[in-house]
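[1] what's the 3D shape of this:
(one chain, ligands or ions: 1)
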Amino acid sequence: MLTAGRAPRNGEAELKVENLRIAFQKDGGEVLAVRGVDFDLKRGETLALVGESGCGKTVTALSILRLLAEPPAKVLSGRIGLGGVDLLELPAEGIRKVRGREIAMIFQDPMTSLNPVLSIGDQIMETLRRHTTLGRAEVRERALDLLRRVEIPSPEEKLRQFPHQLSGGMRQRVMIAIALSCEPRVLIADEPTTALDVLVQAQIMDLLKQLKRETGLSILLITHDLGIVTDIADRALVMYAGRIVESGPVGPLFKSPLHPYTRGLLNSVPQIGQRPKAGRLQEIPGQVPRPGELPAGCAFHPRCPDAMDRCRTESPVLEEKFEGRHASCWLEQETA
Ligand code: SF4
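    Coordinates of the predicted model:
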């Protein structure tokens, strides 16, 4: 059983990803989409994995629960440690038990995860029946409790309703209720608010913060929206072209980013809590390179305003620049 042994205390690693490399089959060969990613998620922590679309964030997240279709995907190397077990080594039955019970996941569009022909109640109770030994009446009571916990009004009525009868925000609350139904240790939230309007986004993020406080849940938040990161995350990992290019506590990282890509991302969103001033926001020029089409040297160099000759030929590695803060960039060395 995965939970055997001492559960990690607050601040200790709940989930540890080491040297994860993932390729996809393309044109008869393989292209690398995740190129050696390392991070840990501490107990009770919210860790944000940020970057533009196509940087490898979702591929990394899906690989943790082994939800990538293999083929075309293939994990070339790495270890994903949870409670002393490498999830990549678990047999199919073992990983099925981990999903939902140890690690749960919510996605951008709850409609794609909810079954349109089953009532909300049936979907929550089905998860509970699969993962617990609760009796019929207890399962129903627990489903109602979960709906109350995610602040869904009229829970008795909602149990009988179908997904299309609920708003986007309510559907996401139902997904969170299902995700929490078996009291997982880790929640992976992949762009959980992208499909929602701003007010509902804030409500869902508040709900996640509250649930984290109440349960000690560790959250891996995948997002391209830096606006929500400062509000909820303790640390952030910035991902570009399949690699982590900067990591650190959210406050210092946002206040004084070390990597030009992080700076570009921050310049392209309104300052947190301020209205955007006309002309202040700047898009990062160019596109994220596709896997298999990476430039030589630093993968960011064609888009980087600070690129130097060295950047076009040599790839920097992620290294500690200050205590707890890492970045992969030649800039500091060259200017020192
Ligand atoms: Fe820019 Fe060079 Fe740093 Fe890459 S290594 S981010 S190109 S300055």
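[2] Could you tell me how many residues sit around residue 310?
    Residues contacting residue 310 under the criterion other C-beta atoms under 10 Å number 15. (C-beta placed from N, C-alpha, C; glycine too.)
[3] My guess is it contacts residue 304. True?
    No: using C-beta atoms under 8 Å, residue 310 makes no contact with residue 304, being 11.9 Å away.
[4] Kindly report the residues of the chain close to the ligand.
    When proximity is defined as C-beta under 6 Å from any ligand atom, the chain approaches the ligand at 259-260, 298, 300-301, 304, 306-308, 311, 316, 329-331.
[5] pLDDT of stretch 196-215, averaged?
    Per-residue pLDDT values over stretch 196-215 give a mean of 82.
[6] Okay, buried residues for it please.
    Within stretch 196-215, the residues scored as buried using 16 or more other C-beta atoms under 10 Å are 196, 200, 201, 204, 205, 207, 208, 211, 212.
[7] Next, format those as a markdown table and append distance to residue 323 and secondary structure.
    Listed next are the buried residues of stretch 196-215 as a markdown table, based on distance: C-beta to C-beta, whole Å; DSSP: H, G, I helix; E, B strand; the rest coil:
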| residue | distance to residue 323 | secondary structure |
| --- | --- | --- |
| 196 | 37 | coil |
| 200 | 38 | helix |
| 201 | 33 | helix |
| 204 | 33 | helix |
| 205 | 28 | helix |
| 207 | 33 | helix |
| 208 | 28 | helix |
| 211 | 30 | helix |
| 212 | 25 | helix |
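[8] what's the closest of those residues to residue 283?
    Closest approach between those and residue 283, by C-beta to C-beta: residue 201, at 21.5 Å.
[9] what sits against the closest one?
    Shown in contact with residue 201 (C-beta atoms under 8 Å, 6 or more residues apart in numbering): 193, 228.
[10] ok, now how distant is it from the ligand?
    Using C-beta to the nearest ligand atom, to the nearest Å, we find residue 201 at a distance of 30 Å from the ligand.
[11] Okay, that residue and residue 195: tell me how far apart.
    From residue 201 over to residue 195 the distance is 9 Å, taken as C-beta to C-beta, to the nearest Å.
[12] residue boundaries of the helices in this protein?
    57-64, 92-101, 110-113, 120-131, 136-149, 155-160, 168-180, 198-215, 226-232, 250-255, 260-267, 331-335 (DSSP state H).
[13] Buried ones in the third one, by neighbour count?
    Same thing as helix 110-113. Neighbour-count burial for helix 110-113 flags 110, 111, 113 (criterion: 16+ other C-beta under 10 Å).
[14] Could you name the helices and strands sitting against that helix?
    When contacts are defined as 3 or more C-beta pairs under 8 Å, 6 or more residues apart in numbering; DSSP states H and E, helix 110-113 sits against helix 168-180.
[15] what about the helix it packs on, distance to the chain center?
    Chain-centre distance of helix 168-180: 16 Å, with C-alpha atoms, centre = their mean, to the nearest Å.
[16] Residues in a beta bridge with the closest residue to residue 87 other than its chain neighbours, which ones?
    Once flanking residues are discounted, residue 87 sits nearest to residue 80: 4.3 Å by C-beta to C-beta, 6 or more residues apart in numbering. In this structure, residue 80 bridges to residue 17 when assessed by DSSP bridges.
[17] I'd like the numbering to begin with 26 instead of 1 from here.
    All right, first residue 26 from here; so that's residue 105.
[18] Give me the neighbour count for residue 105.
    Counted with other C-beta under 10 Å, the neighbours of residue 105 add up to 22.
[19] how far away is the closest residue to the ligand within the stretch 76-225 of the chain from residue 39?
    Ranked by C-beta to the nearest ligand atom, the top residue of the stretch 76-225 of the chain for proximity to the ligand is residue 76, at 13.5 Å. From residue 76 across to residue 39, the span is 22 Å (C-beta to C-beta).
[20] and what of residue 181?
    Distance, residue 181 to residue 39, by C-beta to C-beta: 35 Å.
[21] Looking at these two, which is more packed in?
    Using other C-beta under 10 Å as the criterion, residue 181 and residue 39 rank with residue 39 on top: 25 against 10.
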